[in-house]
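In: mind folding the following:
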Amino acid sequence: MNSEDVDLIERCKKGHAQAERELYRRYSPMMFGVAIRYSNSRHDAEDIAQDAWVKVFRYLKSFSENNSFEGWLRRIVVNTAITHYRRQKKHTHHLDIDEVYATPQDLEAFTESDYNKEEIEKAINALPNGYATVFKLYVIEGFKHKEIAETLEIDVNTSKSQLSRARKALQVTLLNMARIAKKKG
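Out: The predicted structure is shown next:
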C-alpha cells in the first residue's frame, strides 16, 4: 500500500470528512464492480455497495495497513452481497447430489470457442441467482464448497449441485452464443 493511501486511511480513521469523501471517490467504482457481479440488477448492486460503504466506515479502525486494502474492501462487498442474497431468499429450489465432477466433454465445450469478457459476464448474469452466486463464489472468489455452504447457509451438496448446474447452463448459453455469432459471421 502506498504512503498516500496509508495517510488517507489514517485521516479517515480520525473522522476527517474530506478524507472519507476522497476514499469513497477513489474506491467506489471498484466496490460497485464487485457488487454488480453479485446482483441481478443495478438497483440491487447500488444497495449492496451502499451497505458495504457503511460497513467500511464502521470497521475502518480495525483495518491494519499490513493487509491489502482493496482485498479488505472486496471481502466486505462480497459478504454484504451474500447477506443481501440471503435476505432475498432466491435460492428456494435446491437439489442435493453427492459429488460433482467436470467431465472431459464439459471442459472441451469451453475450448471450442474463445469468448470475450462481456460474453462470459452476460452468460453468468443470465444464470438463476442461486447458480450464479455459487459459481461466482467458487470460480471467481476461490471459496470451497464447505465455505460456500456455511456462508449461504445451505448444504455442501447443494453448493456442488448449484455449481454443476451453473456450469452446464453456462456451456449451453456460450455454445448458443457461438452458434449465433457463426451464423452472423
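In: so what does the helix or strand containing residue 81 touch, helix or strand wise?
Out: Taking DSSP states H and E as the definition, residue 81 sits inside helix 69-88. If you count contacts as 3 or more CB pairs under 8 Å, 6 or more residues apart in numbering; DSSP states H and E, helix 69-88 packs onto helix 17-37, helix 42-59, helix 129-135, helix 145-152. (C-beta placed from N, C-alpha, C; glycine too.)
In: hmm, who's touching the shortest one?
Out: With contacts defined as CB atoms under 8 Å, 6 or more residues apart in numbering, helix 129-135 is touched by 38, 40, 82, 85, 88, 90-91, 93-94, 124-125, 127, 148, 152, 159, 162-163, 165-167, 169-170.
In: select only the buried ones of these in PyMOL?
Out: Those of these that count as buried under 16 or more other CB atoms under 10 Å are selected in PyMOL with:
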select buried, resi 38+40+82+85+91+94+124+127+148+152+159+162+163+165+166+167+169+170
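In: ok, and the closest non-adjacent residue to the spatially most central residue of the chain?
Out: Central residue of the chain (CA atoms, centre = their mean): residue 38, 4.4 Å from the mean position. Leaving aside its sequence neighbours, residue 38 sits nearest to residue 81 (CB to CB, 6 or more residues apart in numbering; 3.5 Å).
In: and if you look at residue 124?
Out: Closest residue in space to residue 124, ignoring its immediate chain neighbours: residue 132 at 5.9 Å, by CB to CB, 6+ apart.
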